[in-house]
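K.L.:
Test case, fold it:
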Amino acid sequence: MITVQSAFRYPVKSMLGVPADAASVVASGLLGDRGWALVDLETGKVASAKRPRLWRRLLRVRVEQPAEGGPIGMVLPGGERVVAGAPEADEALSRLLDRPVAMRQAREPGAEIDRAVPEEVLDHGMDAEVDATVIELSAAAPGQGFVDYAPLHLITTATLATVDTALGRHVDPRVFRPNLVLATPGLSGYAENGWIGSELAIGQEVRLAVFQQTPRCAVPTLPHGDLVPDPDVLRMLSRDNRVPVEGAGRQPVAGVYATVLAGGTIRPGDLVRRT
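P.N.:
Residues are numbered from 1 along each chain as shown. Take a look at the predicted model:
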């Protein structure tokens, strides 16, 4: 029996996520997920930790759980608190990143990010200037949010256990930044690799279509909050779970992307039925 183990929102792109006791699912993903982002005022691109040299410090910024419709608070390393949309937030984040940035709440059409070549980050380190590809944000998602590609990212406990076993230690699921962690007792290996083309019914309302594995960038190797960097996560996936991804060749993957067929509310413990 597959169930929802946990759900996560990431109110500000590339900052730390917050767990959700109940999550509303709409066409663009989880309501309140990646509704804000920082824009690099020098290039016009959206700041993403996929380019670690410039933006990895964002993964140390904690987002405080916002009340329904309330302002989003952020806690910077060192304890400074700012509110999304306030001028002092732009100033504080620009100081943190040593680069002029401004927060935005709606994605402009054609918004782009830089994605550092993961293998080069592994070879040369997080501080190195490495080759990057430019990708369009939210190419498979409606709305004005700042999701990387698709409305939802799912990962199973089977995959997480396989990663732990391969590395001989526990890897915190936060490094994969999933929206949903699905408990899959009885399944093993990278279980969701075989779900492409499947539909998932979650609880009484939500239906999702799984359409692609999630290629992994350098982000799982980076420090998230108090977690230490762990480049072996990506090295292991590159060795053990490199599969063909449509339009991208063979990629190290963990988890899958899904679109929303029917919205509703998801809660931990909800039954998941795969068809």
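K.L.:
For the strand or helix carrying residue 265, buried residues please.
P.N.:
For residue 265, the host element (DSSP states H and E) is strand 264-266. Within strand 264-266, the residues that count as buried by 16 or more other CB atoms under 10 Å are 264, 266. Just so you know, the C-beta spots here come from the backbone N, C-alpha and C atoms, and that holds for glycine as well.
K.L.:
got it, and stretch 252-267?
P.N.:
For stretch 252-267, by 16+ other CB under 10 Å, it's 252, 253, 254, 255, 256, 257, 258, 259, 260, 263, 264, 266.
K.L.:
and what of stretch 9-20?
P.N.:
For stretch 9-20, a neighbour-count test (16+ other CB under 10 Å) marks 9, 10, 11, 12, 13, 14, 15, 16, 17, 18, 20 as buried.
K.L.:
what's the closest of those to residue 99?
P.N.:
Distance to residue 99 across the buried residues of stretch 9-20 (CB to CB) is lowest for residue 14, with 13.4 Å.
K.L.:
The closest one - that's part of a strand, no?
P.N.:
No. Residue 14 is assigned coil when assessed by DSSP: H, G, I helix; E, B strand; the rest coil, not a strand.
K.L.:
shouldn't it be in contact with residue 58?
P.N.:
Yes. Using CB atoms under 8 Å, residue 14 is in contact with residue 58, at 4.1 Å.
K.L.:
how about the strands in the stretch 1-150 of the chain?
P.N.:
Per DSSP state E, counting those that start in this stretch, the stretch 1-150 of the chain carries strands over the ranges 2-9, 18-19, 23-26, 29-30, 37-40, 62-63, 73-75, 81-83, 101-104, 112-116, 132-136.
K.L.:
Also the stretch 151-275 of the chain?
P.N.:
For the stretch 151-275 of the chain, the strands defined by DSSP E, counting those that start in this stretch cover 152-156, 180-183, 199-202, 206-215, 242-245, 249-262, 264-266, 271-274.
K.L.:
Which other helices and strands does the last one contact?
P.N.:
Translated: strand 271-274. Helices and strands touching strand 271-274, by 3 or more CB pairs under 8 Å, 6 or more residues apart in numbering; DSSP states H and E, are strand 2-9, strand 199-202.
K.L.:
same thing with the fourth one?
P.N.:
Here strand 206-215 is seen to pack against strand 152-156, strand 199-202, strand 242-245, strand 249-262, strand 264-266 when contacts are counted using 3+ CB pairs under 8 Å, 6+ apart.
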